[in-house]
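**Student:** model the structure of this input:
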Amino acid sequence: MPGSEVSQEVLEEGCYHLSKLGLPKRDIASHFETSPGVVSRLVGSYASKLKSGLVVEGESDRAFWESVMKEAEGDMKLTVVSGRGFHHVWKSDLEKLDGDALMALYESTRDFVGADPNQKFLDYPPPKGYDPLAMDREVKRAMAVLGELLEARWKKTLKKEKRKRPTLK
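**Tutor:** Prediction:
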């Protein structure tokens, strides 16, 4: 990988974890701009380091590479607000919620966005690494995605209802 600034160790770890997560070697090779043969070699190298104890496989490493894979596949991590505070969730997880739960998240997130900036963190405890401007941007982005999901759910429900209606002759 000419001109690449990614270290060999990171490439090995990434190839290993992404292949364990089920991503085909040709896709990993494409993302890292290399060949499937190099990916196989890097996976083998990391596996042997694990076996010999030179490196230790950690849950945080797997979680990191899983999030990299999700983002590469177009999923996005969003910050939403509920009555219990802030939550970081994947869009794909929001898509699994029923309409009532999705609407409740949308409404509480909308209420947060519309709240007086001085009142927001009296009602909600500030998240770790508090940056009020960043949080507003994140929550507004999540609200837009929640709105899209609700709209899609609404259209799907309308289509189902149209199919169920008896026709009068």
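**Student:** only C-alpha atoms for contact and neighbour calcs from this point on.
**Tutor:** Noted.
**Student:** give the buried residues for the longest helix seen in the chain.
**Tutor:** The single longest helix within the chain, with elements called by DSSP state H, is helix 132-164. The neighbour-count check on helix 132-164 (16 or more other CA atoms under 10 Å) flags 135-136, 138-140, 142-143, 145-147, 149-150, 153 as buried.
**Student:** I'd like those as TSV, with distance to R41 and pLDDT appended.
**Tutor:** Converted to TSV, these look like this (distance: CA to CA, whole Å; pLDDT from 0 to 100):
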residue	distance to R41	pLDDT
M135	42	74
D136	44	78
E138	39	84
V139	42	86
K140	43	88
A142	40	89
M143	43	89
V145	40	91
L146	42	92
G147	45	91
L149	41	92
L150	45	93
R153	45	90
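**Student:** which one of those is nearest to E73?
**Tutor:** V145 (16.6 Å; CA to CA).
**Student:** can you pull out the low-pLDDT segments for the protein?
**Tutor:** 1-5, 118-130, 132, 165-169 (pLDDT under 70).
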